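Asker: Sequence below, structure please.
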Amino acid sequence: MRIIFMGTPEFSVGTLEALIAVGHDVCLAVTQPDKPKGRGKEMQFPPVKTAALAHGIEVFQPSRVREPECVEKLKSYQADVIVVIAFGQILPKSILQMTPYGCVNVHASLLPKYRGAAPIQWAILDGENVTGVTTMQMDDGIDTGDMLLKTEVEISPEETGDSLHDKLAAAGAALCVETLKKLQEGSITPQKQGESPTAYAKMLTKQLGDIDWSRPAAEIERLVRGLNSWPGAYTDWNGKVMKIWKAKVAGAEMPQAQDAGRGMVPESETGVVKAQPSEWEDGKFSALLPGSVVCVEKDCFLVQTGDGLLKVEEVQVPGKKRMETGAFLRGYTLPVGTMLGVKIF
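Answerer: Residues are numbered from 1 along each chain as shown. I've put the predicted structure just below:
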């Protein structure tokens, strides 16, 4: 098929490469304009542009693809279909209805669940066990078009936003190739979408990563995984921002303290410092506020949340790279009783 490909980020690249690999004629790649990035603010190509140029494919980067001159340019390529995956602009009817097979979208969720800009991350944040990819015949709504094909992808207990991104990108590439083949054969029966059972997967913001320690430990743990690597989960620590890159919900039992001193015990032979054991009741330290560091071990520290404890295993502080918590504790002092999430102005 003769294809106009519309996409921008790394998630789109695998599908572009797959279409080229099976012999489709990708006559034009449409992507967002170059943007300045990094401290030097140097202009950088979108990933789709880099991939397209490597294959000798013409690249078109309109600021507003709905402008009449842009629409006319796309018409001139006389494509059979337009494939759209994470392009970043809303398409007008004049483009949606331009080609014989219309616009086929590759969306990273099992529609009608998780319509919107960030379906990968929200599936993790909401605690889903399975997600997937849907190919869709685009209409003038947002992710509301008729569904063509679906494929499921399991979300593992350790899944991060980055790892799920890569799984879904690969699944989407294969599904797009299969979809175009079956469209040509006439063997797909499009299905209407019902109402979405999930909230709109709104765009991620940096503020979303600010940890609310009054939330349950399980919810915060999903936040850490889902926002890895952007924007990352973070908390205030002694006037600095500490990013938390890896954490687990702690078990129901705490190690036995070595001493009955008030509030904490001295460092034991195992290197563990922890809160007074008499304060440990029903799976939480009821006397301690959410955000309190309640236990410091050689390779981790535990934080009281609104429901349970969070075991922090990998962090990052300003001016430093990501590090295992053990390395952080060898370079910084973190006393039991330290309050995280307290903003100092």
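
Asker: just to confirm, which helix or strand has E219 in it?
Answerer: Applying DSSP states H and E as the criterion places E219 in helix 217-226.

Asker: in the protein, which spans are helices?
Answerer: 10-21, 47-54, 68-75, 93-96, 119-125, 161-185, 217-226, 325-331 (DSSP state H).

Asker: Comparing the ones you listed, which comes out most buried?
Answerer: Per residue and on average, the most neighbours among the helices of the chain fall to helix 119-125, with a mean of 25 (mean count of other CB atoms under 10 Å). C-beta: built from backbone N, CA, C; applies to glycine.

Asker: mind checking how far it is from the chain centre?
Answerer: On the basis of CA atoms, centre = their mean, to the nearest Å, helix 119-125 sits 6 Å off its chain's mean C-alpha point.

Asker: Check stretch 74-85 too.
Answerer: Worked out by CA atoms, centre = their mean, stretch 74-85 lies 29 Å from the chain centre.

Asker: what does stretch 219-231 give?
Answerer: 8 Å.

Asker: JSON lines for the helices of the chain, including mean pLDDT and distance to A199?
Answerer: Output for these, formatted as JSON lines (pLDDT from 0 to 100; distance: least, CB to CB, whole Å):
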{"stretch": "helix 10-21", "mean pLDDT": "98", "distance to A199": "21"}
{"stretch": "helix 47-54", "mean pLDDT": "98", "distance to A199": "28"}
{"stretch": "helix 68-75", "mean pLDDT": "98", "distance to A199": "33"}
{"stretch": "helix 93-96", "mean pLDDT": "98", "distance to A199": "26"}
{"stretch": "helix 119-125", "mean pLDDT": "98", "distance to A199": "8"}
{"stretch": "helix 161-185", "mean pLDDT": "98", "distance to A199": "17"}
{"stretch": "helix 217-226", "mean pLDDT": "98", "distance to A199": "14"}
{"stretch": "helix 325-331", "mean pLDDT": "98", "distance to A199": "33"}
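
Asker: K298: which of those is closest?
Answerer: helix 325-331 (5.8 Å; CB to CB).

Asker: who's in contact with the closest one?
Answerer: 296, 298-301, 312-315, 317, 334 (CB atoms under 8 Å, 6 or more residues apart in numbering).

Asker: closest to W245 among the residues you listed?
Answerer: When those are ranked by distance to W245 (CB to CB), E314 comes first, at 4.3 Å.

Asker: tally of neighbours for the closest residue to the closest one other than its chain neighbours?
Answerer: Nearest residue to E314, sequence neighbours excluded (CB to CB, 6 or more residues apart in numbering): K246, at 3.6 Å. Burial of K246 is recorded as 19 neighbouring residues (other CB atoms under 10 Å).

Asker: Would you confirm that K246 contacts Q316?
Answerer: No - K246 lies out of contact with Q316 (CB atoms under 8 Å); the separation is 10.5 Å.

Asker: Contact partners for M147?
Answerer: Contacts of M147 (CB under 8 Å, 6+ apart): 111, 134-136, 190-193.
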